[in-house]
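# sequence and predicted structure below; questions after.
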Amino acid sequence: MSIKQSDQIFEQAEIYKVQFTVGSTNYIYVGLDTKCDPNYYGSSLVIYHYERVYGDSLFKDNKIILEKLKNISYTELCAIEQKYIRESKAYAKENNCHSINYTGANRRESGPKIDVPVLGEQIINEAKLLGLELRMASLKLGCIKPSLPPPPFDKSSGGGMHIETNYGLRRIGFSFFRERGSDHNIGLATAILRDLEFDDDSISTL
């Protein structure tokens, strides 16, 4: 059985920051790297685009290692990354800088209108065939939740963390009561989504 990335222990890893300017716009990006590659600048589509246009010289002298880590789990690494992302967003807000760690703020919904009652019933029935019991928590919001969620998303774990769909079934992810939205919990959610092969540009922190 293969080990999930979130369960892996990495002998070494880095949290890094890249700041660069294109035209009159200043950008900041925080990421993690388990290979400690000095020529890796991030998985953001913005980074990828500008690297193709300008080459890596745009980033080479603007990459700073924020923290070096050893013998750390991927979930712990994501939690530390989240701490630095949160700090970088606060810095960006105060210093006329654009954070390109994805927030979903500029996301545009497209595609045909979803019939929530019909599709919701189909999703619940298909999940049941896989042994997963789901329930429609809110027809208006298109919110489907597991009937018996696993820890730490169950009531016995203290509540306040949920796995659910939302926005008329257009999104799936994790939500937290404000007091449960710690760097560790958001890092855990990020690690799980990456396990499921969601790319960073499709993971929103709202």
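Received it, and whenever you're ready, just let me know what you need. Numbering: from 1, shown residues only.
# in the helix or strand hosting Leu188, which residues are buried?
Secondary-structure element containing Leu188, defined by DSSP states H and E: helix 183-195. Buried residues in helix 183-195, counting neighbours by 16 or more other C-beta atoms under 10 Å, are found at Asp183, His184, Asn185, Ile186, Gly187, Leu188, Ala189, Thr190, Ala191, Ile192, Leu193, Arg194. (C-beta placed from N, C-alpha, C; glycine too.)
# residue ranges with poor pLDDT in the protein?
Along the chain, segments meeting pLDDT under 70 span 1-6, 102-112, 150-154, 157-164, 166-181, 192-193, 195-206.
# domains of it?
If the domains of the chain are taken from automatic domain parsing, they occupy 5-99, 116-202, with pieces of a single domain joined by a plus sign.
# helices or strands up against the helix holding Leu188?
Applying 3 or more C-beta pairs under 8 Å, 6 or more residues apart in numbering; DSSP states H and E, we find helix 183-195 packed against helix 74-94, strand 171-176.
# so how far is the longest one from its chain's centroid?
Pointing back at helix 74-94 there. Using C-alpha atoms, centre = their mean, to the nearest Å, the distance from the centre of helix 74-94 to the centre of the chain it belongs to is 11 Å.
# got the buried residues for it?
When neighbours are counted by 16+ other C-beta under 10 Å, the buried residues of helix 74-94 are found to be 74-85, 88-89, 92.
# what packs against whichever helix or strand comes after that helix?
Next in sequence after helix 74-94, counting helices and strands by DSSP H and E, comes strand 98-99. Contact here means 3+ C-beta pairs under 8 Å, 6+ apart; on that basis strand 98-99 packs against strand 25-33, helix 74-94.
# pull up the pairing partners for strand 98-99, direction included.
Strands that pair with strand 98-99, judged by DSSP bridges, come out as strand 25-33 (parallel).
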